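# sequence and computational prediction follow.
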Amino acid sequence: MKHNKLVRDKIPEIIESKDQIPLTHVANDDEYWEKLKEKFNEEVKEFLESESIEEMADVFEVITSINQVKGWNLEEIIKIQKEKRKTKGGFKERIILDEVN
């Protein structure tokens, strides 16, 4: 079965433990970036379907990898999040914009 997708580091070992042979390669920077974006979409879709904390953890794992590639750190992201919350608010009040006239 062909997959051509980014998998977690221990997946080849898990496949081997089931007496199967994984065919893999290590992505270069460009391919890794493209596969991370694909994986992000995949994990978000799975979260939207299941709404489970396990799927949210998978989304967060991909976000962590994206941050590493971009050289961003969590503290910096949280700082920007807080600034945006201060100037534009969050989503706590559940406001739905229906229309602008």
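Everything's here; your move. Fair warning: this is a prediction, and the values are worked out from it, not measured in the lab. Residues are numbered from 1 along each chain as shown.
# in the chain, what residue spans correspond to helices?
Applying DSSP state H to the chain gives helices spanning 11-17, 29-50, 53-70, 74-88.
# save those helices as TSV, and put in mean pLDDT and distance to Asp98 too.
In this view, the C-beta of every residue, glycine as well, is placed from N, C-alpha and C. Formatted as TSV, the helices of the chain follow (pLDDT from 0 to 100; distance: least, CB to CB, whole Å):
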stretch	mean pLDDT	distance to Asp98
helix 11-17	98	45
helix 29-50	98	23
helix 53-70	98	29
helix 74-88	97	18
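# closest to Lys5 out of those?
Among those, helix 29-50 comes nearest to Lys5, with 6.7 Å by CB to CB.
# list the contacts of the spatially most central residue of the chain.
What sits nearest the mean C-alpha location of the chain, by CA atoms, centre = their mean, is Val62, with 3.1 Å. Taking CB atoms under 8 Å, 6 or more residues apart in numbering, we find Val62 in contact with Leu36, Lys39, Phe40, Glu43.
# got it, and Ile95?
Taking CB under 8 Å, 6+ apart as the definition, Ile95 has no contacts.
# and the gap between it and Asn101?
Distance, Ile95 to Asn101, by CB to CB, to the nearest Å: 17 Å.
# thank you, goodbye.
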